[in-house]
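J.: After the sequence you'll find the predicted model.
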Amino acid sequence: MTKTKAEVPAKTTVNPVVRYLRETRAELAKVTWPTREEWLRLSGIVLVVTVVMAFILGVVDAVGAELVKLLLTA
């Protein structure tokens, strides 16, 4: 005997928060996490680039401030 549409049980709706957490957990399981050595190397690169950029921006800011002082006092 075949079931009619009225006899087929309806899908239960899943709470959106529960669905989000399940999907997030599934995606995190797919992530390739770096090894400790990779993490240390990449963190070192980020720190070095940050310090170098801070120095460059500091120099540019100081030069710009001096130029503005010269233009305003002239």
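T.: The structure has been received and is ready for your questions.

J.: By mean pLDDT, flag the weakest helix or strand of the chain.
T.: helix 16-30 (a mean of 94; mean pLDDT, DSSP states H and E).

J.: Just name whatever secondary elements that one is in contact with.
T.: Applying 3 or more CB pairs under 8 Å, 6 or more residues apart in numbering; DSSP states H and E, we find helix 16-30 packed against no helix or strand. Every C-beta, even on glycine, is put in place using the N, C-alpha and C of the backbone.

J.: Check the offset of that helix from the chain's centre.
T.: Relative to its parent chain, helix 16-30 has a centroid offset of 17 Å by CA atoms, centre = their mean, to the nearest Å.

J.: neighbours around D61, how many?
T.: Using other CB atoms under 10 Å, D61 has 10 other residues around it.

J.: And G44, by the same measure?
T.: 10.

J.: go on, the one 5 residues further on?
T.: Burial of V49 is recorded as 10 neighbouring residues (other CB under 10 Å).
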